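> Sequence plus the predicted model coming up.
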Amino acid sequence: MGTPGAVRRGAAAYLHHARALYQEALGAHGPSAPLGFPRTIYHLPIIFSVTGWAVRTLGDVAWVLEEAEHLITAEAASQQWTPSPNALLEAGMAALWLAEVIQALTHLGLDPSPGGDMWLGAADDAVMRARGVEFVEGSVAGFVAVSGAAPSVEAAVNLAREMQQKSLYVFMAGEGWECDEPVTATHALHVSHAPHVPYAPHVAGSRQISFAEQLREGGVRLGWETRLVPFGPDVFAHAHSIGFAVRVAMAFGGVEPGDYHRLFTYIKDRLRAFVAVLGPVTDLQLAAAAGAANFGLPAIATANIPSVPLPGVSSEPWMVPHVPLSDLAERAIEVRGIKIVVTDVPVPVAYGPAFVGERIRRDVMRLELGGPEAHGCELLVMADGVKDGRVMVVGPDVDDRPVGATLPVGILVEVAGHRMQKDFESVLERRIHHSLNEAEGLHHVGQRDSIWLRLSRAAAEAGFRLEHLGRIIHARLHADLGEIVDRVQVTLFTDEKDVVALQERAQAVYRERDERIGSLTDEAVDEFYSCALCQSFAPNHICIITPERSGLCGAYSWLDGKASFGINSAGPNRPITKGRMVDEVLGSWEGVNAFVREASHGTVGRINFYTLLDHPMTSCGCFECISGVLPMCNGVFTADRDHPGMTPSGMNFTTLAGMVGGGVQTPGFMGHSRAYVGSRRFLSADGGILRVVWMTRRLKEALRTEIEAAAVAAGHPDFWDKIASEDDAVEEEEVLEFLIRVGHPALELEPLF
């Protein structure tokens, strides 16, 4: 895109700027100073993933600068890194490496970026994994890396909203232009970015503004929770856009550092992303876009600039110039081959996955439903006489209560369909949470008889009323589950007596469901269920769900797998005939092992369900928890993914996840769901719940009821108090001292090894 000369000029400007910062850093900190991004383990991830070279200190940067210069000048790189025969792409790759170096140097207190708290910088590993799961699950279509600025704040807001509604993340970096006189593309290609001058963030006679700043000015909330992510105010920060992609490839796809062929293919085929360059284009932007092209990201530009094909590299267009802003999203999606499914939901506010996780504070709240101050429940059941599309509100509505008021709420959803089954009710009922949360200005928490909704003033002023809750549920059930649901009607109760009556009815249904799943055991069924949702990111991993072991992500039980297969036999869940028992204690069956061998492409020959020491089940990266052995303590630790600190293994959750995830078997460590901790089959071959010697405090408190029930069954009713947390110990030696002091039963169990 653009001319090769412009890309090389841009890359050379990166090199000049990086060298200047590097020399300043050496003088201030010395070559042994650690270098990296906060709370990440992937070093400088683009450099690490492409070359296998881990940049750990300032001294390591010298090698990067040397290699980058070779690529920019089209000389042979010393490490024989030759991903393509195209010099333009190599210069672009050099620009990305140098951008990473520049961004890392900012964490040493050099070249501070303006903008304060608005700019997020590199995603820490906890954020990367949490958001990477959304790509795994397919709840996002891809991402767009935006550089430059729209012609106006209104245009920027409209484009961002369109991207959100199309389930795209928007990664933002780099300034745009606001000038008294128009700045032409030709002018922008040359100003202040020649190789012989330092990078100059401002151009005389113009005022620069970024796309992110336009959105903020337009009142749009930015952050990971809205999928509008402002990495930094200059184009160097787009190192974090590609950095996010390569970290996902290594964390979830099992891509090894240095395997750039697989890395490029993985991101191109699985991460569905593109670059959007808005307004006049600079050499720096061209260099960054050429770097992104290595990873299969085409660039869509609003400017009318020259384009250059890549003979011998790709038959796909890697740059589409002169696209009107109003057509940019549709054109980019077409070029990149992104599949977008948009459900037409008849509500007066924006609707889409981007609004999941939105929080409605009390100071902007119009109405609260349920929650800690009022009754609330939701129930979905099969019924006769269902009239499709009927939505009734029985009791007060939004306009009947003052601002900030609280109402009780009962949501009754009645469905009918020729393929509908009673076992599907709970699966469909859980869809209510996700469906309602996609409405802008509406926040839904909880399920069953513990629901809590908040409606914002802005949504109410736009015309949102309680009827629209029913409209959302009706539309989404038809769109998502139309194969089994023929008719849907919704009744919303807001009078106290009606809500209490529905709640009592619902609680009886909940008990019946719980007794049904609670009575199921692994021995009582002939089939388990697979889940292949995460194979798009971890091709050799397959999740096996049993009645006593839910899916690693915690979202799927055995009944969910059965219902999912009944809803869509070609979907991600398939029944697996257990076959002959191979080992009753370890939990191994011939039929399951045969299925796993085929589904893992021959990489996994056997799994044992009831132990983490011998052929444990593989993990994708979506697990809620990790358990691992503490040999000195004769026990195991369990950490949840939200724990930011270290574990007694000497590793934090991110490091553990990198070791366990990606579809590999790691004896001694295992990913699993939170619910599995309370299962009768949790590590039953290793000693069960009594093997747990350390657990993160928040997880321990959240699972207290389940842990105490399992401990009572094991004959140790006071066991919960004997589990150490980070408040008691962090080092394994400290954990052992705690165990001895409290008399933990693991010390009396048979040795693990």
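Received the coordinates, thanks. Numbering: from 1, shown residues only.
> which one's the longest helix in the protein?
helix 4-29 (DSSP state H).
> Tell me the buried residues in it?
4, 6-22, 25, 29 (16 or more other CB atoms under 10 Å). In this view, the C-beta of every residue, glycine as well, is placed from N, C-alpha and C.
> immediately after that helix, which helix or strand?
Downstream of helix 4-29, the next assigned helix or strand under DSSP states H and E is helix 45-51.
> And stretch 367-377, end to end?
Distance between the two ends of stretch 367-377: 17 Å, counting by CA to CA, to the nearest Å.
> Other residues contacting that stretch?
398, 401, 403-411, 445-446, 448-455, 460, 494, 496, 499-500, 502-503, 506-507 (CB atoms under 8 Å, 6 or more residues apart in numbering).
> can you check stretch 460-476 too?
For stretch 460-476, the external contacting residues (CB under 8 Å, 6+ apart) are 343-349, 351, 366-367, 388-389, 391-393, 397-399, 411, 413, 431-432, 435-436, 438-439, 441-442, 453, 455, 488-492, 494.
> how far does it stretch from start to finish?
Note: stretch 460-476 ends 21 Å apart using CA to CA.
> now it: how far from the chain's centre is it?
27 Å (CA atoms, centre = their mean, to the nearest Å).
> buried sites along that stretch?
Quick answer for stretch 460-476 (16+ other CB under 10 Å): 460, 464-476.
> Also stretch 283-299?
283-299.
> Mind jotting down where the helices sit in the stretch 201-350 of the chain?
211-217, 239-252, 260-270, 283-293, 328-336 (DSSP state H, counting those that start in this stretch).
> relative to helix 239-252, how tilted is the third one?
Interaxial angle, helix 260-270 versus helix 239-252 (axes from the mean of the first three to the mean of the last three CA atoms, to 10 degrees): 100 degrees.
> ok, back up a step: what remains of the contacts of stretch 460-476 if I keep only buried residues?
345, 347-349, 351, 366-367, 391, 393, 398, 411, 413, 431-432, 435-436, 438-439, 441-442, 453, 455, 488-492, 494.
> Give me the subset of the residues you listed lying in helices.
Here DSSP H is the test, and those give 431-432, 435-436 as lying in helices.
> now, which of those residues sits nearest residue 223?
Checking these against residue 223 with CB to CB, the nearest one is residue 436 at 20.7 Å.
> Once you drop chain neighbours, what's closest to that closest one?
residue 444 (4.3 Å; CB to CB, 6 or more residues apart in numbering).
> Equivalent analysis for residue 728, please.
residue 738 (5.0 Å).
> Just the pLDDT for that neighbour.
Looking at residue 738, its pLDDT is 97.
> Also residue 114?
For residue 114, pLDDT reads 41.
> what do you get for residue 137?
65.
> Next: the one 5 residues further on.
We have a pLDDT of 88 for residue 142.
> okay, now residue 216: neighbour count?
Close neighbours of residue 216, defined as other CB atoms under 10 Å, add up to 18.
> State the helix or strand in which the residue most central in space within the chain lies.
What sits nearest the mean C-alpha location of the chain, by CA atoms, centre = their mean, is residue 131, with 1.6 Å. Assigned by DSSP H and E, residue 131 belongs to helix 125-137.
> if we can go back for a sec, where's the spatially closest residue to the residue nearest to the centre of the chain that is not a sequence neighbour relative to residue 87, distance?
Closest residue to residue 131 apart from its sequence neighbours, by CB to CB, 6+ apart: residue 224 at 6.2 Å. Distance of residue 224 to residue 87, computed by CB to CB, to the nearest Å: 36 Å.
> list the helices and strands the longest helix of the chain packs on?
helix 61-72, helix 87-106, helix 283-293 (3 or more CB pairs under 8 Å, 6 or more residues apart in numbering; DSSP states H and E).
> What helices and strands are in contact with the second one?
Packing partners of helix 87-106 (3+ CB pairs under 8 Å, 6+ apart): helix 4-29, helix 45-51, helix 61-72, helix 239-252, helix 283-293.
> just so I know, which of those helices lies nearest residue 713?
Here helix 239-252 is closest among these (CB to CB), at 35.9 Å.
> quick one: the closest one to helix 125-137, angle?
Using the same axes, to 10 degrees: helix 239-252 against helix 125-137 is 70 degrees.
> the bottom helix or strand of this protein by mean pLDDT?
Ranking every helix and strand in the chain by mean pLDDT, DSSP states H and E puts helix 185-188 at the bottom, with a mean of 33.
> Let's have the helices and strands packed on helix 4-29 in TSV, adding mean pLDDT and distance to residue 698.
Output for the helices and strands packed on helix 4-29, formatted as TSV (pLDDT from 0 to 100; distance: least, CB to CB, whole Å):
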stretch	mean pLDDT	distance to residue 698
helix 61-72	93	38
helix 87-106	92	31
helix 283-293	91	38
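> Quick check: which of the ones you listed has the most neighbours on average?
When you average the neighbours per residue for each of the helices and strands packed on helix 4-29 (mean count of other CB atoms under 10 Å), helix 283-293 leads with a mean of 30.
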